[in-house]
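1. following is a predicted model, sequence given first.
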Amino acid sequence: MATEVSKKGPDLRPDPQPPMVGGNHTFGTMTEKITDVIFAATPKGWIVGFAIAFMILQVLLVSLTYLIYEGIGIWGVNIPVGWGFDIVNFVWWIGIGHAGTLISAILLLFNQTWRTSINRFAEAMTLFAVACAGIYPLAHMGRPWFAYWLLPYPNTMQLWPQFRSPLEWDVFAVSTYFSVSLMYWYIGLVPDFASVRDRAPNQLLRMIYGILSLGWRGGSMHWHRYETAYLMLAGLSTPLVLSVHTIISFDFAVANLPGWHATIFPPYFVAGAVYSGFAMVINLAVPIRHFYGMKDFITDKHLDNMAKIMLATGLMVFYGYGVEAFMAYYSANEFERDLMMKNRVFGPYGYFYFALIFCNGLMPQVLWFQRVRSNEAALFVISLVVNVGMWLERFVILMSLQRDFLPSSWGQYSPTFWDISTYIGTFGLFLSLLFLFCRVLPMISIAEMKHLLPESHVHSHKDSHDHSDSAHGGSH
Amino acid sequence: MDAPKTKIYGLLAEFATPTEIVDAANHAREAGYTAMEAYSPFPVMDLHEAVGFKRTMLPTLAFFGGLTGFLTAFTLTTVTSGGAPSFVTPFIPDWFYYPLNIGGRPLNSWPAFIPPEFELTVLFASITSVFGMLLLNGYPRIYHPLFNVPRFSLVTSDRFFLCIEAKDSKFDLQGTKQFLEGLQPYEVSEVPE
């Protein structure tokens, strides 16, 4: 019966082989270790960090207030560059979110048990990144109080949205993505809320976490339905996450503009999203495991695996740059060629293109070396550089707008103070939410972590009754 | 049979390992008990089958949820855009009819409608799986008789429990207690209603 575990297929239950938990943990110490973070006194470092993040958040509030008061004229957008920092940052933040879904859904389906300790905060990262991303299209409307016009609902104007537009597809894709990510995250939290409830030191906390846990008791039928739902959500999120960045790339690729109208865009955008997302997960995992003493749970092996995924997706992205350049040349279309050489590589923002090639293409090649992958500090720095690189990529793509077919309609874009302050401000929102998350929620999935312990497996007894084989068809 | 003074929800036996709880549940099922449930800090393999639960209808629900999502988006995009066949047109209310002629392209531009259809399929299927799971499980239910047993709070940490409920036709306070003690649990306790 020991082989039963592996033949079950994708499941919450991990393969017993890789020791992805360090130290000598039992079910009890695992629960304690993770829930104690919530009950312990607020660490001083947390207060300082949260205070800084919260101050940066105020920058966002001021920027958005002024934007709503004055209109988007305060940004550097113009004609022909009608989209500026807002779409660059929108795509950048959404892309970061994609690693969370990849870790929680796709790695679950592929039975990658090492995902367990990082999936909770990676999912939190997804939600907060999508929240930051969502601000930009709303703010860019100029009249965000009419944002609900984007939704298809019967109205007295008898108008319906243009369902053929990639911008309307975005509304469906991003709102679905946010809703599904939120449900997935919450469902994962429910049994852990129950763990917090049952260890809460006072009545108030017991009530708050009791309500959040919905009264979870961990009955076997409940777990069975829970696992079924969890697995189905993973299966649904997998195509969803691919569709979201595909649709976002359609914002560009459906346009008839040189440098944008390319079939490479969807796969290259998805790879780039995962690339920057994993970089962000490393940027968060390194400090979290350090400050909260979670090195038993988020091991060096985890960082190593994430670095490898970063290297692989980085190569895909680099390949995308190559294809873009080659297709511009091979199309023999003068507009495509000029866009590539005279605007992108040697144009006004040409140095951004070279910085991009360095950050995303060349520098991450050091990840081939085991010594680099096992060095926390090096990984942290490389991940920062990759995130900068992925931001540059979106900026470079967007700057195709500067020069289209007619030189008479060429223009130039440069961000204003308010463009930059809005961008900085979203970091405040992202980090404030992350700090709150680390403080009040179990940042590692307690129930799932227990599966990584060998004690979690059922051993056969002479008198136990083997009815499991016939029943396997029933699990989903 | 002794009539208990307070109403009893059931008898709760505590175990220390997943193997013990699966064995105990198997024994209880074979002894003829049906109204019982096993509780664990994490999903234990085949435990739901040991207590006699077959399979959940959740995937079927989710399928129909997804189908509803697809049909909703299909109707929304095709009918409002004026892409429905002409015999349907007289039945479309004014507020649901908004044909847009974009450069003379067909009104039923179905390839452009795939993204909303896909997204709503995923959204509705996900909502059905999540809320279907919660409703079938009877959540939210903040209070439950089991919470009256102080040691039951360990079910979310490292202990495993088997509860034989009083509504079981075979339930008999003394007899069932003896049966549970025969399974060598850590402790057997009465669960007051």
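-> Received the coordinates, thanks. Numbers count the residues shown, from 1 in each chain, chains lettered A, B, ... in the order given.
2. which residue lies nearest the spatial centre of the chain?
-> No chain specified, so I'll use chain A. Computing the C-alpha centroid of chain A and ranking residues by CA atoms, centre = their mean puts residue A:97 first, at 1.7 Å.
3. sorry, should have said chain B
-> With distances taken as CA atoms, centre = their mean, residue B:133 lies nearest the centre of chain B, 3.2 Å away.
4. which elements pack onto the lengthiest strand in chain B?
-> Selection of the longest strand in chain B by residue count, based on DSSP state E, yields strand B:8-15. Other helices and strands packing on strand B:8-15, by 3 or more CB pairs under 8 Å, 6 or more residues apart in numbering or on different chains; DSSP states H and E, are helix B:18-30, strand B:160-165, helix B:173-182, strand B:187-192. Bear in mind the C-beta positions are built from the backbone N, C-alpha and C, glycine included.
5. if we look at it, which residues are touching it?
-> Surrounding strand B:8-15, the residues in contact under the criterion CB atoms under 8 Å, 6 or more residues apart in numbering or on different chains are B:21, B:24, B:35-36, B:145-146, B:148-149, B:151-152, B:154, B:159-166, B:168, B:171, B:173, B:176-177, B:180-181, B:183, B:185-193.
6. any quick PyMOL command for the buried ones out of those?
-> The PyMOL command for the buried members of the contacts of strand B:8-15 (criterion: 16 or more other CB atoms under 10 Å in any protein chain shown) is given here:
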select buried, chain B and resi 21+24+35+36+145+146+149+152+154+159+160+161+162+163+164+165+166+168+171+176+177+180+183+185+188+189+190+191
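7. filter the contacts of strand B:8-15 down to the ones near chain A?
-> B:146, B:154 (CB under 8 Å from any CB of the partner chain).
8. and residue A:347, helix, strand or coil?
-> Of the three states, residue A:347 takes coil according to DSSP: H, G, I helix; E, B strand; the rest coil.
9. ok, it touching residue A:402?
-> Yes. The pair residue A:347 and residue A:402 passes the contact test of CB atoms under 8 Å, sitting 7.3 Å apart.
10. what helices or strands is the helix ranked longest in chain B leaning on?
-> When chain B is scanned for its longest helix (criterion: DSSP state H), the result is helix B:110-136. Helices and strands in packing contact with helix B:110-136 are listed as helix A:166-199, helix A:220-253, helix B:58-80; criterion 3+ CB pairs under 8 Å, 6+ apart.
11. what is the mean pLDDT for it?
-> Per-region confidence: helix B:110-136 scores 94 on mean pLDDT.
12. check stretch A:448-468 too.
-> Averaging pLDDT along stretch A:448-468 gives 65.
13. dump the helices and strands packed on strand B:8-15 to CSV, plus distance to residue A:275.
-> Formatted as CSV, the entries for the helices and strands packed on strand B:8-15 read as follows, by distance: least, CB to CB, whole Å:
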stretch, distance to residue A:275
helix B:18-30, 39
strand B:160-165, 43
helix B:173-182, 55
strand B:187-192, 53
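14. need those in CSV (columns: mean pLDDT).
-> Below are those laid out as CSV (pLDDT from 0 to 100):
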stretch, mean pLDDT
helix B:18-30, 87
strand B:160-165, 89
helix B:173-182, 82
strand B:187-192, 84
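15. circling back: who has more neighbours out of residue A:347 and residue A:402?
-> The neighbour count for residue A:347 versus residue A:402, taken as other CB atoms under 10 Å in any protein chain shown, is higher for residue A:347 (21 against 18).
16. thinking again about what came up before, now mean pLDDT and mean neighbour count too, for the helices and strands packed on helix B:110-136, in TSV please.
-> Below are those laid out as TSV (pLDDT from 0 to 100; neighbours: other CB atoms under 10 Å in any protein chain shown):
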stretch	mean pLDDT	mean neighbour count
helix A:166-199	92	22
helix A:220-253	91	23
helix B:58-80	93	19
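17. out of these, flag the one nearest residue A:432.
-> Shortest separation from residue A:432 across the helices and strands packed on helix B:110-136 is recorded for helix A:166-199, at 17.5 Å, computed as CB to CB.
18. tell me the bridge partners for the nearest residue to residue A:219 once chain neighbours are set aside.
-> Nearest in space to residue A:219, with sequence neighbours left out and distances taken as CB to CB, 6 or more residues apart in numbering or on different chains, is residue B:37 at 4.6 Å. On DSSP bridges, the residues paired with residue B:37 through beta bridges are residue B:163.
19. please name the residues that touch the residue lying closest to residue A:452 once chain neighbours are set aside.
-> Take residue A:452 and drop its neighbours on the chain: the residue closest to it by CB to CB, 6+ apart is residue A:21, 4.8 Å away. By CB under 8 Å, 6+ apart, the contact set of residue A:21 is A:117, A:296-297, A:299, A:449, A:452-453.
20. would you turn those into CSV with distance to residue A:395 and secondary structure?
-> What follows is these, written out as CSV (distance: CB to CB, whole Å; DSSP: H, G, I helix; E, B strand; the rest coil):
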residue, distance to residue A:395, secondary structure
A:117, 34, helix
A:296, 40, coil
A:297, 36, coil
A:299, 36, coil
A:449, 39, helix
A:452, 41, coil
A:453, 46, coil
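21. picking up where we left off before, what's the closest of the helices and strands packed on strand B:8-15 to residue B:47?
-> helix B:18-30 (5.7 Å).
22. before we move on, back to that, centre of the chain to the longest strand of chain B, how far?
-> What separates the centre of strand B:8-15 from the centre of its chain is 23 Å, taken as CA atoms, centre = their mean, to the nearest Å.
23. likewise stretch A:186-197?
-> Between the centre of stretch A:186-197 and the centre of its host chain there is 22 Å, according to CA atoms, centre = their mean.
24. what about residue A:154, neighbour count?
-> For residue A:154, using other CB under 10 Å, the count is 12.
25. quick check: closest non-adjacent residue to residue A:409.
-> Residue A:409's closest residue in space is residue A:80 (CB to CB, 6+ apart), at 5.8 Å.
26. cool, residue A:282 as well?
-> Excluding the flanking residues, the one nearest residue A:282 by CB to CB, 6+ apart is residue A:383, at 4.2 Å.
27. look up how far residue A:360 lies from residue A:311.
-> Taking CB to CB, to the nearest Å as the criterion, residue A:311 is separated from residue A:360 by 12 Å.
28. more neighbours, the two?
-> Neighbours per residue, other CB under 10 Å: of residue A:311 and residue A:360, the larger number sits with residue A:360, 27 against 19.
29. my read: that one touches residue A:393, true?
-> Yes. With contact defined as CB under 8 Å, residue A:360 and residue A:393 form a contacting pair (6.3 Å).
30. what's near enough to touch residue A:286?
-> Residues counted as contacts of residue A:286 (CB under 8 Å, 6+ apart) are A:303, A:376, A:379-380.
31. give me the domain ranges for chain B.
-> Using automatic domain parsing, the domains assigned to chain B come out as B:8-56+B:152-192, B:58-136.
32. between those domains, which one is nearest to residue A:258?
-> Nearest to residue A:258, of all the domains of chain B, is domain B:58-136, at 20.9 Å by CB to CB.
33. quick one: distance of stretch B:88-101 to the chain centre.
-> Distance, centroid of stretch B:88-101 to centroid of chain: 40 Å (CA atoms, centre = their mean).
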